[in-house]
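Peer 1: Model the following, please.
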Amino acid sequence: MPQSQLPPITTSIAPWLSVKGSAKAVAFYKQAFGAIETFHLEDPDGNVVAKLSVGGAEFWLGDESPEHGNFSPAALGGGSVRMVLTIADPDAMFAQAMAAGAVSVFPVGEDYGWRLGRLVDPFGHHWEIGRPL
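Peer 2: Below is the predicted model of the structure:
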């Protein structure tokens, strides 16, 4: 396709989460956040690369690959990034994620001009779920 016929590209940043157990991670994010898959590749061993969308906010995930410098929080003993999920009803989303297997770091409350709670998912990634007041 000639360059002039390509659709316009919107600049975006989408994090890529490295996990141990990518197929289970996809299932968790679908249950916890209502994520939908917009891209899915699976190898014969069941390892998945997926692009997920939560209300239009996109992120990628795949199994860690230490040979490429991609480590999961489990391999590192913690993560270096926190995800911030801004959503209209953080209380409901937080409860849904907890029911799916997340663990509360601190419950939803009001501070610093936000209604916000923090949890860690079963793969070691920390999520702050909230909205500005």
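Peer 1: if you take the average position of this structure, which residue is closest to it?
Peer 2: With distances taken as Cα atoms, centre = their mean, residue 59 lies nearest the centre of the chain, 5.9 Å away.
Peer 1: so what's that residue bridging to?
Peer 2: residue 52 (DSSP bridges).
Peer 1: got a pLDDT number for it?
Peer 2: Per-residue confidence (pLDDT) for residue 59: 97.
Peer 1: quick one: the helices in this structure?
Peer 2: Using DSSP state H, the helices of the chain run over 22-33, 73-76, 90-100.
Peer 1: Surely residue 40 is in contact with residue 50?
Peer 2: Yes. With contact defined as Cβ atoms under 8 Å, residue 40 and residue 50 form a contacting pair (5.1 Å). From N, CA and C alone the C-beta is placed, and that goes for glycine too.
Peer 1: Tell me which of the two has more neighbours.
Peer 2: For residue 40 versus residue 50, neighbours defined as other Cβ atoms under 10 Å are more numerous around residue 50 (22 against 11).
Peer 1: Before I go, just wanted to say thanks for your time.
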